[in-house]
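> based on what follows, work out the 3D shape:
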Amino acid sequence: MAIKKPKFKYPAVMLLDDDDIDNFINMKMIEGCHFSENVQVHTSGKSALEFLQNLIRLGDAGKNLFPSIIFLDLNMPVMDGFQFADEFEKFSDAFKKSTTFLVLTTSLNPDDEIKAKKYKRVIKFVNKPLTQELLASL
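Alright, predicted model coming up:
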């Protein structure tokens, strides 16, 4: 008897957060809900950008791994979530066109939410933690 492979909602997503524990918990939530088969985890905006640039260099072979959703923390050292979003916009439309951002943050600053919603790729601004209900709504 063959084991039926679960159906995933998205082929690839990215977690971008400088907190390893949050990343681990969120990754397990995404995997447990069969939300995505490929969960890319990065703890800095710079490493995430380098990873995405490498996918672009692969051309069509990298498109399947380009994330559909990036779960984006705002408060990170060196490069914050807003700076990452600005750099992401410099990528070619062929790759970035189907990628959206879900801001997943601990920020309670209303200015952060206002600023985040000005980015056309931001589909939601939510406070941590990631929940099954939130994943089901996407």
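> from residue 108, how far off is the closest residue in space to residue 13 that isn't next to it in sequence?
Nearest residue to residue 13 in three dimensions, chain neighbours excluded: residue 36, at 4.2 Å (CB to CB, 6 or more residues apart in numbering). (Glycine included, C-beta is placed from N, CA and C.) Per CB to CB, to the nearest Å, residue 36 is found 28 Å from residue 108.
> the more surrounded of those two?
Legend: neighbour count by other CB atoms under 10 Å for residue 36 and residue 108, higher for residue 36 (21 against 8).
> separation between that one and residue 112?
If you go by CB to CB, the gap between residue 36 and residue 112 works out to 26 Å.
> pLDDT weak spots in this protein?
Within the chain, the segments meeting pLDDT under 70 span 1-5.
> ranges for the strands of it?
Taking DSSP state E, the strands of the chain run over residues 10-16, 36-42, 69-72, 100-105, 122-127.
> pairing partners for the third one, with directions?
Going back to what we said before, that points to strand 69-72. strand 10-16 (parallel), strand 100-105 (parallel) (DSSP bridges).
> residue nearest the centroid of the chain?
For the chain, the residue nearest the mean C-alpha position is residue 70 (1.5 Å; CA atoms, centre = their mean).
> pull the contacting residues for it.
13, 14, 16, 48, 88, 99, 100, 101, 102 (CB atoms under 8 Å, 6 or more residues apart in numbering).
> ok, back up a step: what residues are up against the residue nearest to residue 13?
With the criterion set at CB under 8 Å, 6+ apart, residue 36 makes contact with 8, 9, 10, 11, 12, 13, 30, 68, 69.
> including distance to residue 57, could those go into TSV?
Converted to TSV, those look like this (distance: CB to CB, whole Å):
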residue	distance to residue 57
8	25
9	27
10	22
11	19
12	16
13	21
30	26
68	20
69	22
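> nearest residue to residue 73 other than its sequence neighbours?
In space, residue 73 is closest to residue 17, 3.9 Å off (CB to CB, 6+ apart).
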